[in-house]
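**Q** the following block contains a protein sequence and its predicted model.
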Amino acid sequence: GESIQDVEGMKEGESIQDVEGRKEGESIQDVEERKEYGSTKRMILAGIIANLPGLSAGLSMGFSAILIPQLQEPDSEIPITLEEGSWIASLFVIGDLLGCTIGGPIADRFGRRMAILLDCLPLILGWILTWQSSTLTELYIARAITGVGIGAGVPIASMYLREISTPELRGTITILMPAAANTGNLLMYALGYLMYWRDTAIPGVFLPVMPIILVCLLPETPIWLLKRGRREEAVRSMETLRGGDPRMKSMDTLRGGDPRVEEEIVKLEKLLGEESRVSSTPSTNWRLLLDRPVILPMCLLVFLFFTQSFSGSNMVSYYTVTIFQMARIPINENLAAILVAAQYVFGYTLSSCLVTRFPRRTLLFFSLCLMGAANIAAGIVLFRFNRSEDTHNGTAHVSLIDADHMISYDQLISDSPVFNQSESGRSTNLTGVQLNPTESPVLDPDPTPLLDTLVSMIPVISCIFITFGYGCGLGPVPFILFGELFPSAVRGSATSITAFLRSITVFLSIKIFPSLLSAFGIGGSFFTCAVVCFSAVGISYFTVPETKGMDTVGLENIYKKKECRYGPTTQLSIDSQATTTSETRN
């Protein structure tokens, strides 16, 4: 499809993709200047500071996994039963759902930066109460308050990261949100392996304090300032985020700064002017939530979040110890938790680099296909093992849950039929392994043929590919789209509603999960996850838009009907249409 003009217009070392990535009428020099626009260090620094509460939230998500076993020890200072432990998770979820509903409106009312600082308060208070808890009731209250901070942080952080970034860096910066949660989850597992549960609460207190201390490095988003009529502050904020370029300074522009800052501000003003003619009253804003540009991306995101829950990542978290035991790899459940969490962090780290080089759709399709193939491989080997056989052999599963899901470890174990008294009268610990009072689980010492050993390693390798694939595409891409697709006029309300529906979806999937395991067994459950992955490939092919490289105007027009582009706002829509057409090529 390359023309002679494209070849003649290429510079030495320039690829075909670089030529195709030019906007209409744009020269090679313009492309290079556009790619250099914006201070990467400043945007990433602001993104990291904004996600420090998310890191604390990740600590809280992994906290139950190390808290419940220690509280059930005979000499625990706060002794609990399994039922009481499940209430810790239930109250945590209630707080999370409440936080999801208030996070977006707070960000719209007080600003993104102030909302981040306000979100730190319930996290700090919750961790302090956890640290100083002396009764079970105090732990309940602490976990509910922490849940509010976690739920509110999801819509707040997604809006802030989207609005401070350039199109070229938006994917990388948005990934910071789920990456922070998973890093916090990994850190909590490591701390819990080494420390007493009360001591692990101390880092959770200090992390949310950091944004308050570093507030000067956390600028408000320009688009929110423009919506409030504070143009000069918006220009200063944009210059802070984008950085000055001495080559671009001119006395003809405001404050002698980069003219591209002024150009971006003007584009945002045109966009907000178009929206203000439609959404001028609160009742109109509520009606906009039912319009096509909001309902369609909301349904798409709920579908992607549902796919996350049934893609096989839960299976890996749920059956890590069992799979390792079947492969004759003895492993402690705490080390298994650390291993699973580390794989997710590695995947997210890699995806932060891949998202700037590959389209979002490509990463999503690759991730789903890789996870689907790995689920099939694991299902074939594990199909002959069902739950009753695992329990009989003393290898019942340990429940672990990754930080992308708002439901904690102990919510899983409270729903699992293997965590109770066995028929033989032996007690069952939190890992689900049946123990006599004076014995510990041991693996079958009989030698295993080489072929069986190799076959038993297939589920282990499959688990690695499932977690790697999840971190490279299915995990980050929905969160990137979560921050990109909603129009700015109702972004706060729309993100809060979607975050709320996401938490409901995850909660329901966790409730359904034990029934799925009982009906199909571990092998059949992996097959079910494979069907979900491959079905999602087909559905996503027709429904997931490509947003890589799109500017704000292009993102706003993805779900608008074509006829709307030739109404009262014809000129703005035609200008953005050319941008959208050139930037959404696959």
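**A** Alright, I've got the coordinates. Here the structure is a predicted model, which is why all the values come from computation and not from measurement. Numbering: from 1, shown residues only.
**Q** what distance separates the longest helix along the chain from the centre of its chain?
**A** Longest helix of the chain, by residue count under DSSP state H: helix 491-543. Counting by C-alpha atoms, centre = their mean, to the nearest Å, helix 491-543 is centred 15 Å from the centre of its parent chain.
**Q** name the element the spatially most central residue of the chain belongs to?
**A** The centroid of the chain falls nearest to residue 178 when counting by C-alpha atoms, centre = their mean (3.4 Å). Here residue 178, judged by DSSP states H and E, is contained in helix 176-194.
**Q** same question for that helix: list its buried residues.
**A** Under the neighbour-count criterion of 16 or more other C-beta atoms under 10 Å, helix 176-194 has 176-192 buried. Just so you know, the C-beta spots here come from the backbone N, C-alpha and C atoms, and that holds for glycine as well.
**Q** repeat for stretch 526-544
**A** 526, 527, 528, 529, 530, 532, 533, 534, 536, 537, 540, 544.
**Q** how many residues are close by residue 359?
**A** Look at residue 359: counted by other C-beta atoms under 10 Å, it has 17 neighbours.
**Q** quick one: it from residue 530, how far?
**A** From residue 359 across to residue 530, the span is 24 Å (C-beta to C-beta, to the nearest Å).
**Q** for residue 267, same thing?
**A** Residue 267 is 44 Å from residue 530, by C-beta to C-beta.
**Q** still on that earlier bit, ok, the nearest residue to the residue nearest to the centre of the chain once chain neighbours are set aside - contacts?
**A** Nearest in space to residue 178, with sequence neighbours left out and distances taken as C-beta to C-beta, 6 or more residues apart in numbering, is residue 479 at 5.1 Å. Applying C-beta atoms under 8 Å, 6 or more residues apart in numbering, one finds that residue 479 lies in contact with 158, 174, 175, 177, 178.
**Q** go on, residue 293?
**A** 486, 487, 556, 558, 559, 560.
**Q** can you list the buried residues in whichever strand or helix holds it?
**A** Per DSSP H and E, residue 293 falls inside helix 292-309. Going by neighbour count (16+ other C-beta under 10 Å), the buried part of helix 292-309 is 293-294, 297-298, 300-309.
**Q** residue 372 should be in a helix, yeah?
**A** Yes: counting by DSSP: H, G, I helix; E, B strand; the rest coil, residue 372 falls inside a helix.
**Q** ok, it - contacts?
**A** 529, 530, 533, 534, 537.
**Q** now flag whichever of these is closest to residue 84.
**A** Closest approach to residue 84 among those (C-beta to C-beta): residue 529, at 31.8 Å.
**Q** got a pLDDT number for the closest one?
**A** In this model, residue 529 is scored at 92, pLDDT.
**Q** residue numbering should commence at 34 henceforth.
**A** Let's use 34 as the start, then, which means that last one is residue 562.
**Q** wait, it sits on residue 348?
**A** Yes: Residue 562 lies in contact with residue 348 (C-beta atoms under 8 Å); the separation is 5.8 Å.
**Q** find residues that contact each of those two.
**A** By C-beta under 8 Å, 6+ apart, residue 562 and residue 348 have these common neighbours: residue 408.
**Q** okay, now residue 580: neighbour count?
**A** 24.
**Q** ok, the closest residue to it other than its chain neighbours - contacts?
**A** Excluding the flanking residues, the one nearest residue 580 by C-beta to C-beta, 6+ apart is residue 517, at 5.1 Å. Neighbouring residues of residue 517 by C-beta under 8 Å, 6+ apart: 195, 203, 207, 580, 583, 588.
**Q** where does pLDDT dip in the stretch 34-183 of the chain?
**A** 34-71, 122 (pLDDT under 70).
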